Structures are given as structure tokens and as C-alpha cells.
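In: Dropping the sequence and predicted coords here.
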Amino acid sequence: MAQPVTINVASTGRKITVPTGLFINNEFVPSVDSKETIEYVYVRMLREHPASREICDRCINPATEEVICSIVAGSEKDIDIAVAAARKAFKTTWGKNVTGFERSRLINKLADLIERDAQELAELEALNNGKPVKIARDFDIGDSVACLRYYAGWADKILGQSIEVDNKTKFAFTRHDPIGVCGQIIPWNYPINMWSWKVAPALACGCTIVMKPSEITPLTALKLSELVVEAGFPPGVINTVPSLGSVGGAALSSHKDVDKVAFTGSTVTGRRIMEAAAKSNLKKVSLELGGKSPNIVFESADLDQAANWVGLGILYNTGQDCTAGSRLFVQDTIYDKFIAIVVEKFKQMKIGDGFDEASGGGPVVSKMQYDKIFSFIESGKQEGAKAILGGEKRPGKGYFVDPTIFVDVTPDMKIVREEIFGPVLSVAKFKTEEEVIEIANDTAYGLGAGLHSNDANQCMRVSQALEAGTVWVNQYNILTNNVPFGGKKQSGIGRELGSYALEEYTSVKAIHWNYGEKLDWPL
Ligand SMILES: NC(=O)C1=CN([C@@H]2O[C@H](COP(=O)(O)OP(=O)(O)OC[C@H]3O[C@@H](n4cnc5c(N)ncnc54)[C@H](O)[C@@H]3O)[C@@H](O)[C@H]2O)C=CC1
Ligand code: BAL
């Protein structure tokens with residue numbers, strides 16, 4: 001058994017015990033490669049992220065820069081063991097061996113347990129990721145519980161079709177079989193929420209799982225694993241292997257006995273995963289990747305409301321959001337007035353310690369992310385954009401980045417073209433609807449887009465013209481579990497949420513049935 005650690009949460013006085021092993025077959029176990037693995041992981045981590053020695057194999061509190069604890073980092077062999085456990089469960093206790101009613105019952109039970117432990121999980125999430133406890137509890141975890149319950153509702157409704165072939169001798173029907181063993185690779189920006197988005201539809205369809213949480217935020221995935229046991233899932237149905245991306249993530253993507261990989265993260269890594277899938281066993285792949293989403297404000301919009309949604313779009317989760325509305329386009333007739341409102345609103349946003357009730361946003365997750373954001377801010381300044389808010393480092397500890405607004409941007413600037421994943425907004429002026437559609441779509445990405453207007457015909461025209469998987473009209477960044485989510489262009493492949501996600505975890509089998517035709521022989 002790998003030994004759990006007890007973490008003292010100084011701000012609340014709570015002690016949280018976190019398992020530190022790999023979760024395989026409902027047990028927390030050490031890596032089979034023992035000490036060698038730690039050394040190996042350390043060397044790999046330095047190669048992958050040379051600028052961030054200090055994170056090596058430890059989890060850091062980004063508000064204080066203190067080490068929270070060290071956890072076991074899984075190796076390729078550990079992935080093999082977890083995949084074998086998932087395969088065995090798929091063939092024996094899960095997959096087609098359990099009814100949808102039973103899957104539904106267990107998923108609902110897991111949702112109840114997460115709801116019961118929401119405060120503790122939120123504190124752990126805040127500690128490891130930095131986000132405010134209240135946001136982790138009420139939004140990330142609240143939505144995760146709802147997501148599990150939504151898919152629990154689907155578990156006994158995974159239905160095929162009955163298809164008439166002719167009326168006398170033949171018909172066909174389809175079965176939506178679980179696809180099998182799924183590798184799920186999740187990022188650090190919404191550790192619990194992305195866990196739920198992946199786990200819930202996979203379980204509902206009857207798949208088994210090897211989960212690889214981000215090496216930066218593995219703690220809540222391990223804590224959730226305890227609840228998996230308590231809920232009563234059979235061993236091997238959900239396995240969790242914390243590991244480096246280049247080790248565990250790569251091993252899952254190229255594994256010959258993994259039937260599907262679901263991924264959320266950067267476009268660069270998504271490309272690697274797809275390549276590994278193609279080179280190994282052509283496993284099914286779904287990718288939820290980066291974005292550079294436009295948010296458009298037309299002159300007829302309710303400006304006060306539009307400014308609030310613009311704020312939610314770029315400041316929620318301190319901008320570490322794949323759908324962050326990072327490119328703001330404002331019609332020239334209202335430009336000065338609207339920007340003044342936005343600046344005032346952004347000044348009211350408190351970025352601080354996630355354990356401070358007044359914080360609307362926490363620090364960014366890591367030194368690596370902090371350095372990346374400031375290198376973008378520097379490039380914006382050097383390329384001639386003007387920071388009218390923020391853009392400066394704070395003294396003291398913690399990876400805090402204040403809301404930053406750049407104006408006078410041009411379409412070729414790095415801050416306009418590349419995903420920053422921080423609270424950094426670039427603003428440009430436009431004259432006409434045609435012009436803004438053109439510039440909004442001038443990006444390699446196509447994840448989210450927003451528009452604000454009180455002209456219904458304009459809302460219909462523009463939402464239709466924007467190249468994005470999700471378009472928000474007179475709102476931004478609001479997602480619900482029954483509506484699909486995913487990207488166009490280089491923002492991804494496949495859909496999460498809604499009934500669409502079920503297609504990602506099922507394989508359609510067609511059964512042709514002959515009840516009357518006699519075959520003449522020879523042919
Ligand atoms: N779409 C989204 O929600 C996210 C986008 N990002 C973007 O990516 C940038 C870099 O952040 P990272 O944490 O380095 O992202 P990343 O895409 O490398 O990490 C996401 C997950 O992929 C895993 N991974 C890394 N290399 C892998 C590989 N070769 N094979 C399989 N899995 C692998 C990681 O361990 C992690 O679990 C961010 O600044 C942001 O722009 C990051 C996180 C989430
Ligand atoms: N906000 C949707 C999920 C993501 O950012 O990864």
C-alpha cells in the first residue's frame with residue numbers, strides 16, 4: 001500500500017488526508033518501478049519544462065509557492081497494469097455484464113458522495129489549483145455532481161435502432177456497445193470538473209477507465225478515487241494513474257489495448273495524441289483543445305450587461321479557460337464608452353488567495369503558466385499594444401496575475417493570435433458586421449465565440465457566420481450538461497456533454513437478421 005498524506009489547510013484549520021499512490025483495482029498502490037521511477041520522472045520533467053525545476057514531482061500551492069506534498073508518479077509499466085485491470089473489469093464486472101440500471105445507481109451514488117464531501121474537495125482543489133474555494137464548491141463541484149446525475153439518467157437509455165430492410169424476410173437492428181477501455185487525459189484548469197465530464201459518459205455507456213490527471217493537479221482525482229470505492233464500483237472500472245504527460249499520457253495514447261483516448265489540453269499535445277493513436281491501434285480519439293475566442297459587442301447591446309459577460313469571459317478561472325473570450329471586438333460608435341465601463345468592472349475584480357472569501361479569482365496554477373502569461377504581456381508591449389489596465393507583476397509570493405487589457409492591437413500580434421490562458425484581453429475596434437465576422441474568424445481555433453446585440457436578426461446572422469463549436473448570444477462561458485460542447489478547426493474533434501458525448505464512448509454494431517430468405521446455390 002502507498003501511504004496517504006495528511007495535509008493541513010492552514011486557512012480553514014481542516015486536515016485532509018490524500019492517498020498518494022496509483023489507484024488500480026480499487027487500491028492505492030506504489031509504482032512497480034519504485035525509486036527508479038521517481039528519478040526517471042524527475043529527469044523527464046526537467047526535459048519537458050526546463051524553466052520550472054521546482055515543480056518536479058511535487059504539488060505546489062500556487063498562492064504561497066509552498067510544496068503541498070509529493071505523490072507517486074506512474075510509469076509506462078504502471079499504465080500497462082492499469083489498462084489490464086480496466087480490460088479485466090470490462091470483460092467481467094462492467095461492460096455488457098452489468099445493466100444500465102445498475103450503472104445508473106452507482107453513478108448516482110458517486111454523485112451523492114461528491115456532494116457530501118463538496119467542501120473538503122473544494123478546499124483541496126483550491127490548495128492545488130489556486131481557484132477560490134467557493135467557486136470550486138459551487139460551480140466546479142456543483143456542475144460535476146449535476147454532470148454525473150445527467151449521465152446516470154442516460155445509462156439505461158443507450159439505445160440502438162430497429163431498421164426495416166424488407167417486409168418479408170429481413171430486418172436489421174443496431175446495438176450501441178460500450179467502446180471498451182478508455183484512456184482519459186485531463187488538464188489542471190478544472191481538475192474535478194474535467195474528471196466528471198470524462199468519467200460520467202464513459203461509465204454510463206459501460207466503458208472502463210484509466211484516468212491520467214495533470215501532474216500539476218493530481219490531488220482531487222486521487223481523493224475522488226476513494227469515493228469510487230465507497231460508491232461500490234467493482235475493482236478496475238475506474239483506475240487513476242498520476243504521471244507525467246510524456247510518460248503516462250503518451251503510454252495511454254500509444255497503448256495497443258486502449259480502445260479510446262479522450263483528452264482536454266493544449267493543441268500541441270492533442271496533435272501528439274492523435275499521432276500516437278494513429279501509429280498504434282487507430283484507437284478512437286476525442287480532443288478538446290485550445291482557443292482564441294472572439295467576443296463581439298455591437299452598438300445596440302445592453303452595455304452594462306455586455307461588460308459583465310466580457311468580464312466572465314476572460315476573468316473566470318483567471319483566464320485559464322479553453323473558451324476564454326480573449327479577443328474583444330467593439331463597434332466604433334460605442335467603443336470609448338464601452339471600454340470605460342469594462343475597465344471599471346475589471347478593477348472591481350479581486351484576484352487573491354482562493355481561501356479569501358472576497359477573491360473572485362485565484363493565482364494562476366503554476367510558475368510555468370505565470371511565466372508564460374508574462375512573456376505574452378511583454379510581447380504585447382514590444383509589438384506596440386497599449387496596456388490600459390494591469391500588465392505588471394505584483395511583489396511577493398504567489399502566481400497572481402491582475403486583469404490586463406490591451407488596446408491598439410493588430411491582427412498579427414502574438415497576443416491576438418496565440419492562446420495565453422490568463423486574464424489578458426486584447427481589444428480592437430470594428431465598423432461593420434461583415435468586417436467583424438471576417439476578423440473574428442481569422443484564427444486557427446474555433447472553440448467559443450460570443451456576441452452581444454439587441455437586434456435579433458443580427459444575432460441570428462452573426463451566430464450562424466461565426467466558426468466555433470459554441471456561440472453565446474448575450475452571455476458568455478455558460479455551459480450546461482445537456483448541451484454539447486467541443487471545437488471546430490484546431491480546437492478539437494468530437495463533442496463532450498449532452499447526448500452527443502455518448503457517441504464518443506459507444507461503438508455501433510449492425511445486426512442483419514434473416515427470417516425467410518433462402519439462398520440459391522451455386523451463386
Ligand atoms: N483546452 C484546455 O482546457 C487546456 C489548454 N491548455 C493550454 O496548454 C498550455 C500548456 O499547458 P500544459 O499543462 O503543458 O498542457 P498539456 O496539453 O501538455 O497538458 C494537458 C494534459 O496532457 C498531458 N500530456 C502532456 N504531454 C502529453 C503527451 N505527450 N501525451 C499524452 N498526454 C500528454 C498532461 O500530463 C496533462 O494531463 C496552457 O498554457 C494552455 O494554453 C492547458 C490546459 C487545459
Ligand atoms: N470551460 C470548459 C472546459 C475547459 O476550459 O477546459
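Out: The structure has been received and is ready for your questions. Ligands and ions are numbered 1, 2, ... in the order given.

In: going forward, measure contacts and count neighbours with C-alpha atoms only.
Out: Fine.

In: which residue ranges form the strands in the stretch 101-250 of the chain?
Out: 162-164, 170-178, 181-185, 208-212, 238-240 (DSSP state E, counting those that start in this stretch).

In: which parts of the stretch 251-400 of the chain sit against ligand 2?
Out: D321, C322, T323 (CA under 6 Å from any ligand atom).

In: at 8 Å instead, please
Out: T264, G265, E288, L289, Q320, D321, C322, T323, A324 (CA under 8 Å from any ligand atom).

In: Report the contact partners of the first one.
Out: Contact partners of T264, counting by CA atoms under 8 Å, 6 or more residues apart in numbering, are I185, I186, P187, M194, G270, L287, E288, L289.

In: Figure out which of the strands of the stretch 101-250 of the chain is closest to ligand 1.
Out: Closest approach to ligand 1 among these is made by strand 181-185 (5.1 Å; CA to the nearest ligand atom).

In: Just give me how far that closest one sits from the chain centre.
Out: 14 Å (CA atoms, centre = their mean, to the nearest Å).

In: Give the ranges of residues in this protein that sit below the confidence cut-off.
Out: 1, 34-58 (pLDDT under 70).

In: Near ligand 2, which residues of it are found?
Out: 187, 189-190, 194, 264-265, 288-289, 320-324, 477, 479.

In: I'd like to know which of these are buried.
Out: 187, 189-190, 194, 264-265, 288-289, 320-324, 477 (16 or more other CA atoms under 10 Å).

In: for the stretch 301-450 of the chain, what spans make up the helices?
Out: Per DSSP state H, counting those that start in this stretch, the stretch 301-450 of the chain carries helices over the ranges 303-315, 335-347, 367-382, 414-417, 433-440.

In: Make JSON lines from those helices and add distance to G13 and mean neighbour count to it.
Out: Below are the helices of the stretch 301-450 of the chain laid out as JSON lines (distance: least, CA to CA, whole Å; neighbours: other CA atoms under 10 Å):
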{"stretch": "helix 303-315", "distance to G13": "29", "mean neighbour count": "23"}
{"stretch": "helix 335-347", "distance to G13": "31", "mean neighbour count": "15"}
{"stretch": "helix 367-382", "distance to G13": "26", "mean neighbour count": "18"}
{"stretch": "helix 414-417", "distance to G13": "41", "mean neighbour count": "22"}
{"stretch": "helix 433-440", "distance to G13": "48", "mean neighbour count": "16"}
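
In: between those, which gets nearest to ligand 1?
Out: Taking the helices of the stretch 301-450 of the chain one by one with CA to the nearest ligand atom, helix 367-382 is closest: 5.9 Å.

In: elements contacting that closest one?
Out: helix 414-417 (3 or more CA pairs under 8 Å, 6 or more residues apart in numbering; DSSP states H and E).

In: From the contact counts, what lies against the helix it packs on?
Out: With contacts taken as 3+ CA pairs under 8 Å, 6+ apart, helix 414-417 sits against helix 367-382.

In: what does the helix it packs on rub up against?
Out: In contact with helix 367-382 (CA under 8 Å, 6+ apart) are residues 49, 51-52, 62, 364, 386-387, 391, 399-401, 406, 413-415, 420-422, 424.

In: which of those come close to ligand 1?
Out: The residues of the contacts of helix 367-382 that also fall near ligand 1, by CA under 8 Å from any ligand atom, are I420, F421.

In: which other residues reach stretch 472-485?
Out: 143, 146-147, 150, 306, 309-310, 312-313, 323-325, 448-453, 459, 463, 469-470, 495-501.

In: just to revisit the earlier point, adding mean neighbour count and distance to A86, write the strands of the stretch 101-250 of the chain out as JSON lines.
Out: Shown next, in JSON lines, are the strands of the stretch 101-250 of the chain (neighbours: other CA atoms under 10 Å; distance: least, CA to CA, whole Å):
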{"stretch": "strand 162-164", "mean neighbour count": "13", "distance to A86": "31"}
{"stretch": "strand 170-178", "mean neighbour count": "17", "distance to A86": "13"}
{"stretch": "strand 181-185", "mean neighbour count": "29", "distance to A86": "6"}
{"stretch": "strand 208-212", "mean neighbour count": "29", "distance to A86": "5"}
{"stretch": "strand 238-240", "mean neighbour count": "28", "distance to A86": "7"}
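
In: Now distance to ligand 1 too, for these, in JSON lines please.
Out: Putting the strands of the stretch 101-250 of the chain into JSON lines (distance: least, CA to the nearest ligand atom, whole Å) gives the following:
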{"stretch": "strand 162-164", "distance to ligand 1": "38"}
{"stretch": "strand 170-178", "distance to ligand 1": "23"}
{"stretch": "strand 181-185", "distance to ligand 1": "5"}
{"stretch": "strand 208-212", "distance to ligand 1": "6"}
{"stretch": "strand 238-240", "distance to ligand 1": "12"}
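
In: quick one: which helix or strand includes the closest residue to T6 other than its chain neighbours?
Out: Closest residue in space to T6, ignoring its immediate chain neighbours: T17 at 4.2 Å, by CA to CA, 6 or more residues apart in numbering. For T17, the host element (DSSP states H and E) is strand 14-18.
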